[in-house]
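Chemist: got a structure for you, letters missing:
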């Protein structure tokens, strides 16, 4: 790791030296989160190392980028100390070079090397991205080349290994992607943006040997033929015609080995159990039809997924090693109680529809309606349903009021693994009021109430946030279980915070009690234990 | 346009490259014959919907290797609260201490095999029950390092249990050796969640009831020479209970391990209380 850092530092310094006379620009960012864990067994904040003995945990990222003589380069160093980001029930300590990259454009050719972020189409067959809130970093350590065939058509190719914390998964990923744009003439009122992408994955020897042994332990009826290579292909196009926009993508995956937790596996003596590796075809069909004109925006989306768990290592689970990114089909809610239940994208079996309508009247009124229906791939069993309506009235520079209602039906058996539990059905009325006392002083109040007879019961949430721009923000909130279920006690979950902004730097300090829940981001969710303690953060761009 | 046609042709060619690959053989190990006996810590719980799949897999392993595996089912707090209030609570503080002792985990069901951290694994506990048999096979292929024997003396009237554990080293064990002794119980009937609902009458086996030694084990010897025989005695009085602590369904489990920082189990053994 040290050698790697030295090599990259040398590379960066060499670039600087070479271009000592040139226009060098340097920029970067620093982000740190520090948690002080205060054990509170009443809310379940205990029994992990941070509460029991370590008390303090932190994560820090610092990155530095430079641009000189047509070269772009950067490095990022990551520190984790007693962090529970990787595994909410565990402790992770490590540090090292999190990323380096070099980029250069030569006429129509763009070359990249290092840890690369990219995607094909909407990301179904390939997406490399970073999501720090979940310690998710799927960068590809390798190289890529992009060639602009014309001003409207380009082709790119890449190859490498997917990042796995400070190492890489032992599988070699290669991809090629053609993207284009066609419009008959400047006066034409329609255009298309087609694309095609291809991914090949070659597993390492150790992965194939492990899969061979696993297959050998199955009864013959369940055995699969282990193989090194698997492929995925995606065809997509966006048709724009006047105010309409229609995106279609179809993706197939061949000969890939993946784990299906719901697949029946036979055991000796006629018994059976659930969960086995399978090898076969997977597909995703995704479409999005949009209309935008006259203060009206409508988006209708549809998706069908069957067997598309595509990972750099078939043996890994949860959000690790994912090559695929399948677009989520539910509204990303931001209020505390409207966002508690979120349907994680199902990689193996999902059929979904989503409709989103936004309409504005003049400078004052905005209406929004969203509904999503997520079911199994045959549209027989309900996984998730949501209706969300909100209206905002705005009096510019004086106040803004938002009120709305959310209805959710949530399959906790599927999303939370709570076998035998009924569907969760909630109503959440909510309101948000923002009042500007002056140009610099403002008050924001949020309130939500969740009517819920299942799972965690009914809750109320209130928040007041006072801002003194451009520097200060004060926050006070509480969440309270008005109708607990399963014999649990009603408990307050207060939060108090203060934020100070100066220049490009933001300091934050919060006292937080947070209910155990599911954190979802980008369609991927995982369990987050209750939190009790202080959270300090610094985010600075320079 | 010819460039586009060329690209599509290139993609089509690449697309068929999986067919170029020669078939890879499936590895079958068969049943391994050995004197080695391994310990499996199964992390489970009555409110864990996926855990019956793990227990079913373990039964398959026990049937395959009846003389080579000893199972301790660890009902630590996570997903182990009784499904019904009338059910016995299988959670114990000792189970919780084992969960902490073995470190990071993702969820349940998971199992540890001789408490070894296997290559390319981040945790000692391993999920995906369909893969467990491979870890058992891997452990059983290692040489036998010691023999263990348990002799129990149970008094029905006083419920006092006297245990004598004897170890014989088959190679020089040139490191500190720790001894662990525990009681497990089988044939416990409770409700159990599964992936589709609740199984009203589920039979739990190998449930850890009590550790008679500290979680890291009793320090036994700094080293044991090949052929050396050593023993240690324990006493415990079984509590009286209408449902649990049924001596007819209980076993004494003993195993020796390396020092607490290493954790790895060298050999295990199991003997019915009666």
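Modeler: That came through, no problem. Note that the structure is predicted; figures quoted are calculated from it, not measured. Numbering: from 1, shown residues only, chains lettered A, B, ... in the order given.
Chemist: with adjacent residues omitted, what lies nearest to residue A:292?
Modeler: What sits nearest to residue A:292 in space, not counting adjacent residues and going by CB to CB, 6 or more residues apart in numbering or on different chains, is residue A:243, at 5.6 Å. Placement of C-beta: from N, CA and C, glycine included.
Chemist: ok, that neighbour - how many residues close by?
Modeler: If you count neighbours by other CB atoms under 10 Å in any protein chain shown, residue A:243 ends up with 14.
Chemist: quick check: it vs residue A:288, distance?
Modeler: 15 Å (CB to CB, to the nearest Å).
Chemist: beta partners for residue A:274?
Modeler: residue A:264 (DSSP bridges).
Chemist: oh sorry, the question was meant for residue A:475
Modeler: The partner residues for residue A:475, given DSSP bridges, come to residue A:465, residue A:497.
Chemist: what about the helices in chain B?
Modeler: Ranges of helices in chain B, per DSSP state H, are B:2-15, B:51-64, B:93-102, B:132-140.
Chemist: mind giving me CSV with those and columns for distance to residue B:79 and mean neighbour count?
Modeler: Putting these into CSV (distance: least, CB to CB, whole Å; neighbours: other CB atoms under 10 Å in any protein chain shown) gives the following:
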stretch, distance to residue B:79, mean neighbour count
helix B:2-15, 44, 13
helix B:51-64, 7, 21
helix B:93-102, 12, 19
helix B:132-140, 19, 22
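Chemist: of all these, which one comes closest to residue A:471?
Modeler: helix B:93-102 (44.2 Å; CB to CB).
Chemist: right, is that closest one up against chain A?
Modeler: Yes - Helix B:93-102 lies within reach of chain A by CB under 8 Å from any CB of the partner chain, at B:96, B:100.
Chemist: report the secondary structure state of the residue nearest to residue B:120 when sequence neighbours are not counted.
Modeler: Closest residue to residue B:120 apart from its sequence neighbours, by CB to CB, 6+ apart: residue A:206 at 6.7 Å. Under DSSP: H, G, I helix; E, B strand; the rest coil, the three-state class of residue A:206 is helix.
Chemist: contacts only, for residue 127.
Modeler: No chain was given, so I picked chain A. A:118, A:119, A:120, A:138, A:323, A:324, A:325 (CB atoms under 8 Å, 6 or more residues apart in numbering or on different chains).
Chemist: should've been chain B
Modeler: A:317, B:106, B:107, B:109, B:110.
Chemist: which helix or strand contains the first one?
Modeler: Taking DSSP states H and E as the definition, residue A:317 sits outside all helices and strands.
Chemist: how about low-confidence regions in chain B?
Modeler: Flagging of chain B using pLDDT under 70 yields the residue ranges B:1-19.
Chemist: show me the strands in it, by range?
Modeler: Using DSSP state E, the strands of chain B run over residues B:38-43, B:69-74, B:110-113, B:146-155, B:160-169, B:177-185, B:188-194, B:197-204, B:207-211, B:218-221, B:229-237, B:250-257, B:265-272.
Chemist: circling back: which one of the helices of chain B lies nearest to residue A:537?
Modeler: Once these are compared by CB to CB, helix B:93-102 is nearest, at 29.2 Å.
Chemist: helices or strands up against that closest one?
Modeler: strand B:38-43, strand B:69-74, strand B:207-211 (3 or more CB pairs under 8 Å, 6 or more residues apart in numbering or on different chains; DSSP states H and E).
Chemist: just checking the distance from the shortest one to the centre of its chain.
Modeler: Going back to what we said before, that points to strand B:207-211. Chain-centre distance of strand B:207-211: 13 Å, with CA atoms, centre = their mean, to the nearest Å.
Chemist: picking up where we left off before, dump the helices and strands packed on helix B:93-102 to TSV, plus distance to chain A and mean neighbour count.
Modeler: Output for the helices and strands packed on helix B:93-102, formatted as TSV (distance: least, CB to the nearest CB, whole Å; neighbours: other CB atoms under 10 Å in any protein chain shown):
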stretch	distance to chain A	mean neighbour count
strand B:38-43	12	26
strand B:69-74	14	25
strand B:207-211	17	22
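Chemist: can you say which of the ones you listed is nearest to residue A:230?
Modeler: Short answer: strand B:38-43, nearest of those by CB to CB, at 32.0 Å.
Chemist: in its sheet, what does the closest one sit against?
Modeler: Strand B:38-43 has its sheet partners listed here by DSSP bridges as strand B:69-74 (parallel), strand B:110-113 (antiparallel).
Chemist: let me know which of those strands is the nearest to residue B:190.
Modeler: Nearest of the strands paired with strand B:38-43 (CB to CB): strand B:69-74, 12.2 Å.
Chemist: run the chain-centre distance for the closest one.
Modeler: 4 Å.
Chemist: now swap in stretch A:153-169 and tell me
Modeler: For stretch A:153-169, the distance to the chain centre is 18 Å (CA atoms, centre = their mean).
Chemist: can you list the buried residues in it?
Modeler: Neighbour-count burial for stretch A:153-169, counted by 16 or more other CB atoms under 10 Å in any protein chain shown, picks out A:153-158, A:160-165, A:168-169.
Chemist: which of those sit farthest apart?
Modeler: Most distant of the buried residues of stretch A:153-169, by CB to CB, are A:153 and A:165, 37.3 Å apart.
Chemist: mind listing what the closest residue to chain B within the stretch 401-542 of chain A touches?
Modeler: Here the stretch 401-542 of chain A gets closest to chain B at one residue, residue A:419, 3.0 Å apart by CB to the nearest CB. By CB under 8 Å, 6+ apart, the contact list for residue A:419 reads A:413, B:49, B:50, B:193, B:194, B:195, B:196, B:197, B:198.
Chemist: so the second one touches residue B:195, yeah?
Modeler: Yes - in this structure residue B:49 lies within contact range of residue B:195 using CB atoms under 8 Å: 4.9 Å.
Chemist: give the intersection of the neighbour lists for these two.
Modeler: A:413, A:419.
Chemist: pick out whichever of these two has more residues nearby.
Modeler: Higher neighbour count among residue B:49 and residue B:195: residue B:49, with 24 against 18, using other CB under 10 Å.
Chemist: excluding sequence neighbours, find me the nearest residue to that one.
Modeler: residue A:419 (3.0 Å).
Chemist: next to chain B, which bits of the stretch 251-400 of chain A? Give me the list.
Modeler: Near chain B, when you scan the stretch 251-400 of chain A using CB under 8 Å from any CB, you find A:254-255, A:259, A:261-262, A:265, A:267-269, A:271, A:273-277, A:315, A:317-318.
Chemist: list buried residues within those residues.
Modeler: Applying 16+ other CB under 10 Å to these flags A:254-255, A:259, A:261, A:265, A:267, A:273-277, A:315, A:317-318 as buried.
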